[in-house]
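Student: okay, predicted coordinates and the sequence, questions at the end:
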Amino acid sequence: MRKTVCLLGILALLASSATAGILTNNNQSATFIRLLSRNASLDVDAVYYNPAGLVKLSDGFHLSLHNQIITQDKKILNGFPLLNDPNYLGEVRVPFFPNLYAVYKKGNLAISFGVGPNAGGGTADFKTGLPSFEIPFSTLPVLISNMGVPTTDYDVDIAFKGESVFMGYQLNFSYALSPSLALGVGARLIAATNKYEGSITNVMINPNGTWVSAYDFFMSVGQTGYAAMVADKQVDVKQTGTGFTPILSLNFTPSESLAFSLKYEFNTKLELTNKTTVDDTGMFPDGEKFRNDIPAILSAGLRYAFTPAFRSYLSFSYYFDRSANWEGAEALVNKNSYELGAGLEYDLSRLVTLSAGYLRTQFDLAPEYQDDINHELSSDTIGGGLKLNLTNRLSLELGAIYVFYKKYEKQDSVYPFPAYPVTFNRSTWDAAVGINYRF
C-alpha cells in the first residue's frame with residue numbers, strides 16, 4: 001500500500017487547484033473565485049455546481065468562458081540532521097485553467113454542456129527534489145566513515161517535474177417539474193493524463209577531503225550494490241485513464257428570494273495505466289494499472305436575497321474519500337473531507353456588482369498519510385471581485401483569492417537516527433476572469 005500512497009501523493013503534489021477535496025477541483029468558474037460559494041448557482045456556471053438550477057435562466061442560448069491564473073508554493077521544512085539544506089520548495093505555476101459552459105434553455109427544459117479540469121490542471125516543479133529522495137544520500141558520509149574512510153559531506157542533483165490534467169466533459173438535462181421544483185440528470189467523462197520527468201544525478205562525496213563520484217568510489221572498493229544505489233537515475237512516464245461520473249441534482253425555489261440545491265456526484269471509477277519510457281526507480285512499471293478513483297461528492301447550497309440588489313450564498317460539499325478505491329490508501333483517511341463556503345454580492349449599480357466570500361476546507365488524515373510526497377492541509381480562503389454588466393447580454397467577471405493553510409507539523413524518524421521535526425506549509429494565489437454571453 002505504501003507504493004500506492006506515494007503514487008497518490010505525486011498526484012496530490014501536482015494538483016494545482018486553489019480549492020479542492022483530495023482529488024477534486026472545486027474552483028470551476030470566475031464566479032466561484034469572487035464568491036467562494038456556488039452550490040446554489042442560478043447562473044451559467046450552474047452547469048457544474050447546480051445543473052437543476054439552469055431552468056431558472058431565460059430562454060435562449062447561454063455561453064460562458066472562464067480562465068484562472070494560479071500560483072502555488074509548496075514548502076517543506078525537514079529537520080533530518082544530515083541534510084545540507086532543510087528547506088524544499090515546489091512551485092506550481094498555472095497560466096491556463098479554463099472552463100467552458102454552454103446552455104440551451106427553452107420552457108421547462110435546459111440542456112447544458114461543460115468542460116474543465118476536474119483535477120490537476122498544471123505543472124509542479126521541484127527543482128531540488130524532496131527530502132525523501134535526498135535523505136538516503138545524506139547518510140553516505142556516515143556510511144563511508146564507518147567503513148574506515150573519513151567522509152564529511154555529500155552532494156546530489158535531484159529534480160522532479162510533473163504535469164497532471166483530469167479533464168471533465170459534462171452533459172446535463174434539467175427539467176422544471178413545477179415553478180418551484182426542478183431536477184437534473186447528467187454525466188461527466190473524465191480523461192486523465194499525468195506526465196512525470198525526474199532525475200537523480202551527480203551523487204558526490206568527499207572521502208579523505210577530496211570530492212569524487214560516489215559511484216566511482218563504491219566501484220573502486222568493490223561495493224557494487226552501493227554503487228548501483230548511487231548511480232544516475234531517470235524517470236520519464238505518462239499515465240492515462242478514463243472514468244465516468246453520473247450526476248443527480250435538485251433545485252427548489254419556493255420564492256424569488258430563496259433557492260435551495262442538492263447535488264450528488266457518484267464515485268468515479270478511474271484506473272490509470274503506466275506508459276513508461278524510462279524508470280530507474282522501479283516506481284512506474286510499464287503497463288501497470290492502479291485505481292485512482294475520484295470520490296463521490298454530496299453538495300448542498302442556499303441562495304437568499306435580502307433585497308433584489310443584495311444576495312447571500314451558502315455552500316457545503318462533502319467528499320466520500322474513505323469510499324474511493326485508492327488501492328488501500330483510503331484507509332489512511334480518518335474522516336471524509338468537506339468544504340463550507342459563504343458569499344455575498346451587492347449590485348452597486350446596473351453596471352457593477354461587488355462580491356466577497358470565505359471558504360473553509362477541512363481534512364482529517366492519519367499521520368502516516370502526511371509526508372513530503374503525500375500531504376493535504378486544511379485551509380481558510382478569502383476572495384472577492386466584481387461583475388460588470390456591459391450590456392443586457394454580455395457580462396465580464398473578475399475575481400481573486402488567497403488561501404491561508406494550516407501548517408502541519410509532525411515528528412518523523414529514519415532508523416537508526418533520532419526523531420526529527422517536519423513541517424508542511426504552502427501558499428496560493430488565484431486570479432480569474434470570465435465572460436458570459438446570452439444569444
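Tutor: All right, it came through fine.

Student: where in this structure is pLDDT low?
Tutor: Where the chain drops to pLDDT under 70, the residues are 1-19.

Student: need phi/psi at Ala110.
Tutor: phi -130, psi 130 (degrees, to the nearest 10).

Student: looks like it contacts Leu171 (just checking).
Tutor: No. When contacts are counted by CB atoms under 8 Å, Ala110 is not listed as touching Leu171 (11.7 Å). Yep, even glycine has a C-beta here, placed from its N, CA and C like the rest.

Student: between these two, which is the more surrounded one?
Tutor: Higher neighbour count among Ala110 and Leu171: Ala110, with 27 against 16, using other CB atoms under 10 Å.

Student: bridging residues for that one?
Tutor: Assessed by DSSP bridges, Ala110 has beta-bridge partners Lys105, Ser174.

Student: ok, now which ones touch Lys275?
Tutor: Applying CB atoms under 8 Å, 6 or more residues apart in numbering to Lys275 gives the contacts Val237, Lys238, Gln239, Thr240, Asp286, Gly287.

Student: what about 10 Å?
Tutor: Contacts for Lys275 (CB atoms under 10 Å, 6 or more residues apart in numbering) come out as Lys195, Asp236, Val237, Lys238, Gln239, Thr240, Phe284, Asp286, Gly287.

Student: circling back: give me the common contacts of Ala110 and Leu171.
Tutor: Val47, Pro51.

Student: walk me through which strands the host helix or strand of Leu248 pairs with, and which way each runs.
Tutor: Taking DSSP states H and E as the criterion, Leu248 maps to strand 233-255. For strand 233-255, sheet partners with direction are given as strand 181-207 (antiparallel), strand 258-265 (antiparallel), strand 271-279 (antiparallel), following DSSP bridges.

Student: please save the CA atoms from it in CSV.
Tutor: In CSV, the C-alpha atoms belonging to strand 233-255 read as follows (Å, rounded to 0.1, in the frame of the first residue of the first chain):
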residue,chain,number,x,y,z
LYS,A,233,18.6,7.6,-12.3
GLN,A,234,16.0,8.9,-14.7
VAL,A,235,12.2,8.8,-14.8
ASP,A,236,10.0,9.5,-17.9
VAL,A,237,6.5,8.2,-17.6
LYS,A,238,2.9,9.0,-18.8
GLN,A,239,-0.2,7.7,-17.1
THR,A,240,-3.6,7.7,-18.7
GLY,A,241,-7.1,6.6,-17.9
THR,A,242,-10.8,7.4,-18.3
GLY,A,243,-13.7,7.4,-15.9
PHE,A,244,-17.5,8.1,-15.9
THR,A,245,-19.4,10.1,-13.2
PRO,A,246,-23.2,10.0,-13.0
ILE,A,247,-24.7,13.2,-11.6
LEU,A,248,-28.1,13.9,-10.0
SER,A,249,-29.3,17.4,-8.9
LEU,A,250,-32.3,19.1,-7.4
ASN,A,251,-33.2,22.8,-7.2
PHE,A,252,-36.1,24.1,-5.0
THR,A,253,-37.1,27.7,-5.4
PRO,A,254,-40.1,28.5,-3.2
SER,A,255,-39.9,32.2,-3.8
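
Student: how about that strand: buried residues?
Tutor: Burial within strand 233-255, assessed by neighbour count using 16 or more other CB atoms under 10 Å, is assigned to 233, 235-239, 241, 243, 245, 247, 249-253.

Student: circling back to that earlier point, got TSV for the strands paired with strand 233-255, with distance to Ile297 too?
Tutor: Shown next, in TSV, are these (distance: least, CB to CB, whole Å):
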stretch	distance to Ile297
strand 181-207	11
strand 258-265	4
strand 271-279	20
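
Student: list the contacts for the residue of the chain most remote from its centre?
Tutor: Using CA atoms, centre = their mean, the residue of the chain lying farthest from its centre is Gly148. It sits 47.9 Å away. Contacts of Gly148 were listed using CB under 10 Å, 6+ apart, and they are Pro207.

Student: what of Ser29?
Tutor: Contacts of Ser29 (CB under 10 Å, 6+ apart): 35, 38, 41, 43-49, 64-66, 68, 99, 101, 114, 116, 397, 399, 432, 434, 436.

Student: which one of the contacts of Lys275 is nearest Val352?
Tutor: Taking CB to CB as the measure, Val352 sits nearest to Lys195 out of the contacts of Lys275, at 42.3 Å.

Student: what bridges to the closest one?
Tutor: Beta-bridge partners, per DSSP bridges, of Lys195: Glu163, Lys238.

Student: give me the neighbour count for it.
Tutor: Neighbour tally, Lys195, other CB under 10 Å: 17.

Student: before we move on, back to that, looking at the contacts of Lys275, which is nearest Ser427?
Tutor: Lys195 (25.0 Å).

Student: who's in contact with the closest one?
Tutor: 14, 123, 161-165, 236-240, 275 are the contacts of Lys195 under CB under 10 Å, 6+ apart.

Student: isn't Ala356 up against Thr381?
Tutor: No. With contact defined as CB atoms under 10 Å, Ala356 does not reach Thr381; the gap is 11.5 Å.

Student: now do the shared contacts for these two.
Tutor: Common neighbours of Ala356 and Thr381 (criterion: CB under 10 Å, 6+ apart): Leu36.

Student: these two - which one has more neighbours?
Tutor: Using other CB under 10 Å as the criterion, Ala356 and Thr381 rank with Thr381 on top: 23 against 17.

Student: show me what the more buried one is bridged to.
Tutor: Leu359, Val403.

Student: any idea how far Tyr319 is from it?
Tutor: 16 Å (CB to CB, to the nearest Å).

Student: can you check Pro98 too?
Tutor: As judged by CB to CB, Pro98 and Tyr319 stand 23 Å apart.

Student: those two: who's more crowded?
Tutor: Applying other CB under 10 Å to Pro98 and Tyr319 shows that Tyr319 carries more neighbours, namely 27 against 13.

Student: thought Cys321 was touching Lys335?
Tutor: Residue 321: Asp, not Cys. Yes. Counting by CB under 10 Å, Lys335 is a contact partner of Asp321 at 8.5 Å.

Student: cool, thanks, talk later.
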